[in-house]
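Student: Predicted model follows, preceded by the sequence.
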Amino acid sequence: MEGTLWGNLLHPVQLTGSGRPILQAGEVECSILDAVDLEVEEDPVYPILKAGLAILTTHKIIWVDEKSRRAGAIPLASITQVFPPKKSIKNMLAKPRLRLQSWVSSDDKISALGVTRATRSVVITLILRGKGLPDSFRGRLCELLRSREWENDVQQVNLSKQPIGQMGSYADADSIVEGSGSSRLKASMAGLSGILRKEQEEWEATDKSLQEAFQGLNALLSKAKEMVMLAEKMRVKLLAGSNPQSGGGNDMEMGSKQEMQDWLLSVGIASPVTKESAGALYHQQLSRQLADFVQIPLERAGGMIALIDVYCMFNRARGTELISPEDLLQACAIWEKIDVPVIFRQFDSGVIVIQSKAKNDDEVFARIKDLVVKTEALQTGVGASEAARTLGVAPALAKEYLLAAENKGFLCRDDGPDGLRFYINFFKEINPNNIFLLSMRKFHLATHVGPHILTLENGC
């Protein structure tokens, strides 16, 4: 969209690998409509944008072209008026329209600061051709314009820019009185009575905070946003402090930092897709959000995770917005129809996994073959635990890879007292028309591998 007239008018929005918009800190999705056209009234210079996805958030209206992976946004701060629908027979038979008046700055871009630095206004029309609920979309938009939540998030971001050690320093601001060039303690804060009074004030402040947090759901969510922002800031500081070039460091300290990072990363998804916000597009948007979510766990797990593990991690990240196993299966099935960097795979044994597209089976089979030709593996074979350490995946998934390599003819099994072990399959490389090669294989098996492996007899 960059370089076009619409690209100059709308604010740019970055998309994830699955095509979902990247939201700002504290921004939450509220409603989604499909098959939405965009046009500028009384200005034919701007071509009509056809059949896009309209996403309403607490900060802006995002229009996404899913085919070309382009996106632009109309900040809610720039909207001055939402026109009511025209009541006429013609409009009742036509597709619903949502007309918005927005401020435009001198550089022909919608002003994110509202009337500040604005030179003119334009009327942008959203033509709703999909099967969503336009009245619900319009009502939610009006609620957001009245609440102006984007202003509260800006204040929270400015507050979060303070160092962590200074957060909460304003609680004791009333205990310091500014004098002429110096500060002195209040007389009421001196002595034992002052300490007791200060503790009482702290308890009262804590009790007041708890009452405010549990007074209503909106207050509770606002407190949760503050905690998520604080956790994100702590995570950034930990990642900045875990630079491998910053000296040797203590292994225990590095382990505790990694544990803290894992805990902070599990704070959750800031804006989970819900049936209320996505409507008929619930499973499609859930599929895209799931594809974005599993990329980091896939990198840590060697490119493959069991579906049951993904279900637990995803529901944990969604908090109270839990999904059912059927919703997860439907979301994974949609990956075949959209361009995402992950796939849904089922092994012959019935184990279902989520796998990265960058994970190549041929590369995995090559690593398994390198493992089974080692001297120790030729004598004792390879089990799921050894393959798991080599491949960097869970033992259950490593066993599935070993079974798949057996089906390909690369390995043969020995199910004995030591459990299921796999060995290199020499039979696949034997040419029955070359007796000399057959004798050499027999000699190699008898001298290097050992008598406990099936040896070749004459006439095989």
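Tutor: Now that the structure is in, tell me what you want to look at. Quick caveat: nothing in here was measured; it's all calculated off a predicted structure. Numbering: from 1, shown residues only.
Student: Quick check: next helix or strand after the host helix or strand of residue 121?
Tutor: Take DSSP states H and E as the rule and residue 121 turns out to sit in strand 118-128. Per DSSP H and E, the first helix or strand lying C-terminal to strand 118-128 is helix 134-147.
Student: List the buried residues in that next one.
Tutor: Of the residues in helix 134-147, those buried under the neighbour-count criterion (16 or more other Cβ atoms under 10 Å) are 134, 136-138, 140-141, 144-145. Yep, even glycine has a C-beta here, placed from its N, CA and C like the rest.
Student: Same check on stretch 418-429?
Tutor: Neighbour counts using 16+ other Cβ under 10 Å place 421-426 of stretch 418-429 among the buried residues.
Student: Send me that stretch as CSV with only the CA atoms.
Tutor: Presented in CSV, the C-alpha positions along stretch 418-429 are these (Å, rounded to 0.1, in the frame of the first residue of the first chain):
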residue,chain,number,x,y,z
ASP,A,418,16.3,-53.4,26.2
GLY,A,419,13.2,-52.0,24.5
LEU,A,420,12.7,-50.9,21.0
ARG,A,421,16.1,-50.2,19.3
PHE,A,422,16.8,-49.1,15.8
TYR,A,423,19.9,-50.0,13.6
ILE,A,424,21.1,-49.0,10.2
ASN,A,425,19.4,-51.0,7.5
PHE,A,426,22.2,-52.6,5.4
PHE,A,427,19.7,-54.7,3.4
LYS,A,428,18.7,-51.7,1.4
GLU,A,429,22.2,-51.1,0.1
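Student: picking up where we left off before, specify which member of the buried residues of stretch 418-429 is nearest to residue 152.
Tutor: Of all the buried residues of stretch 418-429, residue 422 has the smallest distance to residue 152: 59.4 Å, by Cβ to Cβ.
Student: And the closest one, how close does it get to residue 400?
Tutor: Using Cβ to Cβ, to the nearest Å, residue 422 is found at 12 Å from residue 400.
Student: With residue 46 instead?
Tutor: Distance from residue 46 to residue 400, by Cβ to Cβ: 54 Å.
Student: So for these two, which sits in the more crowded spot?
Tutor: The residue with more neighbours, out of residue 46 and residue 400, is residue 400; 23 against 17, by other Cβ atoms under 10 Å.
Student: and residue 99, what is it in contact with?
Tutor: By Cβ atoms under 8 Å, 6 or more residues apart in numbering, the residues touching residue 99 are 41, 82-83, 123-126.
Student: Save these as CSV, and put in distance to residue 95 and neighbour count too.
Tutor: As requested, those are arranged in CSV below (distance: Cβ to Cβ, whole Å; neighbours: other Cβ atoms under 10 Å):
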residue, distance to residue 95, neighbour count
41, 15, 13
82, 17, 13
83, 16, 12
123, 17, 15
124, 16, 23
125, 11, 16
126, 10, 25
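Student: farthest-separated two in those?
Tutor: Across those (Cβ to Cβ), the longest gap, 14.0 Å, separates 41 and 82.
Student: any idea how far residue 301 is from residue 63?
Tutor: Remark: distance between residue 63 and residue 301 (Cβ to Cβ) = 35 Å.
Student: Just want to know which of the two has more residues nearby.
Tutor: residue 63 (25 against 20).
Student: re the thing from before, for residue 33, state which of the contacts of residue 99 is nearest.
Tutor: The nearest member of those to residue 33, counting by Cβ to Cβ, is residue 126 at 8.2 Å.
Student: pretty sure that closest one contacts residue 85?
Tutor: No - using Cβ atoms under 8 Å, residue 126 is not in contact with residue 85; the gap is 11.8 Å.
Student: How about residue 331: what's its closest non-neighbour residue?
Tutor: In this structure, residue 331 finds its nearest non-sequential neighbour in residue 287, 4.0 Å apart by Cβ to Cβ, 6 or more residues apart in numbering.
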